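Visitor: only geometry, no sequence info:
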């Protein structure tokens, strides 16, 4: 219901429908909008508006005076009329979001309110239609067959392997000099995909190969993240912290040894403690009964092991998931610690703009509930700063990033290997 006598800006209606087997077939082949895990999730169609901020906005807009994403969303939700008898995660009014890693980025942060949402949760399916006061064409809510298979190849970007190792050495020197405790350094790969490619195939490949991750597609950012930034659901707040990585073994024996090595690595355990503490410090003011596992566990993914810690608590104020995202980002797991020093080191040592890589990505509903991950194992399709492909009209640029946490004990060659392992999901899916 709207909170005033004014006409609602958005009218939202959710209805349960027969079981949907594949949500992704409803998404746009060119710019899919999706949030999936083990087949469940939501897919958006079209757009009735939302929120956007960043240097790429049209001239004349006062960016400094714009509301925060959380405040803007509160206004949108308060002026919407919602009819949702289904009441499942992802029903009613929702927006998909993707935000830049660094406030100084040249990219834009966005919340996208779709015209329609197809969703599925624990065996139940639904459709939500969202109408604005502006007369927009009704979206087509019908499955569309997947287009032909396609492939892409990624190659070195602005920072090649030698340059990355040099950056790691510079970071280690800064850490040993006492300038900071940890910094996460990334490198980039660039490539192209054919114009007209059905991008849903990339989303589908990631969802199939990495079912336990959050598979996302928001405004051209597509990936499969293993790291939950924060989930807020009816007063319960959870997060999963990942920091500390080792490649999977080549056989069962090597794999067990890799897991054991990671769980006893002083370097990785120290890096992990920085990341967990940064999450506890950020969530503490908004929660009560906040708790974290006393020791990390090893999380197995198809290509690597992570050290992982689950954090949970009860919401103690009226913060929405977007407020919690703002409090948490950037965590030590993707920036470093102390945060300000780590960000300055990243700006100095990385010769590119991360844009949305390692930024928050996810969705929020009208009550402020939502699921947010860190945009890892991902690529930005189109809207890319790499200009070497600008002259090609039959291809679309792609840029991907992967990073590693650098501490005093870091070895440049080992950190380079870690980025190669982390690139594998997106590189394999594009190929």
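Guide: Alright, I've got the coordinates. Quick caveat, the model's predicted, so the values are computed rather than measured.

Visitor: what sits against the spatially most central residue of the chain?
Guide: Geometric centre of the chain, nearest residue: residue 375, 2.8 Å, by CA atoms, centre = their mean. Residue 375 makes contact with 98, 216, 221, 223, 225, 356-361, according to CB atoms under 8 Å, 6 or more residues apart in numbering. All C-beta atoms are positioned from the backbone trio N, CA, C, and that covers glycine.

Visitor: For residue 264, the count of nearby residues, please.
Guide: Neighbour count for residue 264, taken as other CB atoms under 10 Å: 9.

Visitor: heads up, I number from 11, so please use that
Guide: Sounds good: first residue 11 from here, last item residue 274.

Visitor: Could I get the contacting residues of it?
Guide: Contacts of residue 274 (CB under 8 Å, 6+ apart): none.

Visitor: confidence score at it?
Guide: Listed pLDDT for residue 274 reads 91.

Visitor: Same question for the one 4 residues further on.
Guide: Residue 278 carries a pLDDT score of 88 in this model.

Visitor: Could you pull up the residues touching it?
Guide: Residue 278 sits next to 253-256, 272, 317 when contact means CB under 8 Å, 6+ apart.

Visitor: Among the residues you listed, which lie within strands?
Guide: Counting by DSSP state E, the contacts of residue 278 place 253-256, 317 in strands.

Visitor: what's the span of stretch 392-411 from first residue to last?
Guide: 14 Å (CA to CA, to the nearest Å).

Visitor: let me redo that: stretch 225-241
Guide: The straight-line separation of the ends of stretch 225-241 (CA to CA) is 15 Å.

Visitor: Same question for stretch 320-340.
Guide: 17 Å.

Visitor: Buried ones in that stretch, by neighbour count?
Guide: For stretch 320-340, burial by neighbour count (16 or more other CB atoms under 10 Å) applies to 321-323, 325-326, 329-340.

Visitor: about what we covered before: buried subset of the contacts of residue 385, written for PyMOL?
Guide: Provided next is the PyMOL selection string for whichever of the contacts of residue 385 are buried by 16+ other CB under 10 Å:
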select buried, resi 108+226+231+233+235+366+367+368+369+370+371
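
Visitor: Just the contacts of residue 385: which are in strands?
Guide: Going by DSSP E, the strands hold 108, 226, 231, 233, 235, 370-371 from the contacts of residue 385.

Visitor: Need the max-distance pair from those.
Guide: Using CB to CB, the ones in strands among the contacts of residue 385 span at most 12.5 Å, a distance reached by 233 and 370.

Visitor: same for the helix or strand hosting residue 86, what does it pack against?
Guide: Per DSSP states H and E: residue 86 is located in helix 79-88. Packing contacts for helix 79-88, counted by 3 or more CB pairs under 8 Å, 6 or more residues apart in numbering; DSSP states H and E, involve strand 59-63, strand 104-108, strand 119-123, helix 331-338.
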